[in-house]
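> For reference, the sequence and a predicted model appear below.
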Amino acid sequence: MLHDSKAYSGFSVDDIVTAKEFYTKTLGLDVGEEHGMLHLQIAGGPVILVYPKPNHVPAEYTVLNFPVTDIEATARELTERGVTFEQYNDDQDKLGIYRGQGPLIAWFKDPAGNVLSIIQG
């Protein structure tokens with residue numbers, strides 16, 4: 001029934017104006033806005049909906065992963081733009097990059113507290 005539906009994902013934020021500034025200026029994404037909601041334009045993928053929610057509670061999981069070719073360079077640039085990487089365990093280096101089993105990954109939060117990541121890919 002939904003086989004041909006072009007599904008997309010979304011998540012909430014508590015302040016749409018602050019979110020728009022973060023996603024456009026800090027992360028450098030193309031962001032559209034319609035009906036008070038944001039549409040994140042991700043390269044090669046569907047639009048991601050970001051919607052305001054007055055009683056927003058950040059997700060307890062990663063809502064958006066950004067594959068990058070050079071995680072160290074990307075982590076440094078994001079840090080220069082004001083992003084703070086989360087430190088979850090001892091397998092992360094000083095940049096916040098997890099170097100345990102699996103791919104290299106570093107987590108950070110948007111202004112609403114949603115967890116995002118950059119992942120070597």
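Everything's here; your move.
> Which parts of the protein are strands?
10-13, 30-34, 37-41, 48-52, 62-68, 105-109, 115-120 (DSSP state E).
> Now render those strands as a markdown table, adding distance to Glu77, mean neighbour count and mean pLDDT.
In short, each C-beta sits where N, CA and C put it, glycine included. What follows is these, written out as a markdown table (distance: least, CB to CB, whole Å; neighbours: other CB atoms under 10 Å; pLDDT from 0 to 100):
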| stretch | distance to Glu77 | mean neighbour count | mean pLDDT |
| --- | --- | --- | --- |
| strand 10-13 | 23 | 20 | 98 |
| strand 30-34 | 18 | 12 | 96 |
| strand 37-41 | 19 | 19 | 97 |
| strand 48-52 | 21 | 18 | 98 |
| strand 62-68 | 10 | 16 | 96 |
| strand 105-109 | 12 | 20 | 98 |
| strand 115-120 | 10 | 20 | 98 |
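> Pipe these into JSON lines and attach distance to Phe22 per row.
Formatted as JSON lines, those follow (distance: least, CB to CB, whole Å):
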{"stretch": "strand 10-13", "distance to Phe22": "9"}
{"stretch": "strand 30-34", "distance to Phe22": "10"}
{"stretch": "strand 37-41", "distance to Phe22": "10"}
{"stretch": "strand 48-52", "distance to Phe22": "10"}
{"stretch": "strand 62-68", "distance to Phe22": "12"}
{"stretch": "strand 105-109", "distance to Phe22": "10"}
{"stretch": "strand 115-120", "distance to Phe22": "10"}
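> and Gly96, which of those is closest to it?
When the strands of the chain are compared by CB to CB, strand 105-109 sits nearest Gly96, at 4.5 Å.
> and the angle for the closest one with strand 115-120?
Going by axes from the mean of the first three to the mean of the last three CA atoms, to 10 degrees, strand 105-109 is angled at 150 degrees with respect to strand 115-120.
> Show me what strand 105-109 is in contact with.
For strand 105-109, the external contacting residues (CB atoms under 8 Å, 6 or more residues apart in numbering) are 58, 62, 65, 71, 75, 78, 83-86, 88, 92, 95-98, 115-120.
> 10 Å instead?
Applying CB atoms under 10 Å, 6 or more residues apart in numbering, the contact partners of strand 105-109 are 22, 26-27, 58, 62, 65, 68, 71-72, 74-75, 78-79, 83-88, 92-93, 95-99, 114-121.
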